[in-house]
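*Asks:* kindly generate the corresponding structure for this input.
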Amino acid sequence: MNSEIARAGILIGAFLLVGGVPLLFVVEPGTGEHAITLFTVLFGVVFLVALGIVVRLSQR
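*Replies:* Numbers count the residues shown, from 1 in each chain. Presented below is the predicted three-dimensional model:
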């Protein structure tokens, strides 16, 4: 995998996490905003884990 693509993916995933995790403590649970923020954080985590797996497999 091209290192620039991997770096861009890591930056996108980190942006989702940095923006979403603090909002989880601010928004009221049980609202639509909380659900969307939770989905964003979970998507960021899954994206970073999948990207990490792809990068590790492409190094071999």
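*Asks:* any regions of this protein where pLDDT drops low?
*Replies:* Residues of the chain meeting the criterion pLDDT under 70: none.
*Asks:* quick one: the helices in it, in order.
*Replies:* Assigned by DSSP state H, the helices in the chain fall at 3-26, 32-59.
*Asks:* want to throw those helices into a markdown table with mean neighbour count?
*Replies:* Quick note: C-beta positions are derived from backbone N, CA and C, even for glycine. Written out in a markdown table, the entries for these read as follows (neighbours: other C-beta atoms under 10 Å):
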| stretch | mean neighbour count |
| --- | --- |
| helix 3-26 | 13 |
| helix 32-59 | 13 |
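*Asks:* now for Glu28: which residues touch it?
*Replies:* Under the criterion of C-beta atoms under 8 Å, 6 or more residues apart in numbering, the contact list for Glu28 reads His34.
*Asks:* dihedrals phi and psi, it?
*Replies:* phi -80, psi 130 (degrees, to the nearest 10).
*Asks:* for Phe39, see how far away it is.
*Replies:* Plainly put, Glu28 is 16 Å away from Phe39 if you go by C-beta to C-beta, to the nearest Å.
*Asks:* got it, and Glu33?
*Replies:* In this structure, Glu33 lies at 11 Å from Phe39, with C-beta to C-beta as the measure.
*Asks:* same deal with Gly9?
*Replies:* When distance is defined by C-beta to C-beta, Gly9 is 19 Å away from Phe39.
*Asks:* kindly report the same for Leu11.
*Replies:* On the measure of C-beta to C-beta, Leu11 and Phe39 end up 20 Å apart.
*Asks:* which residue packs closest to Val54, ignoring adjacent ones?
*Replies:* When the adjacent residues along the chain are set aside, Val54 lies closest to Met1, with 6.2 Å between them (C-beta to C-beta, 6 or more residues apart in numbering).
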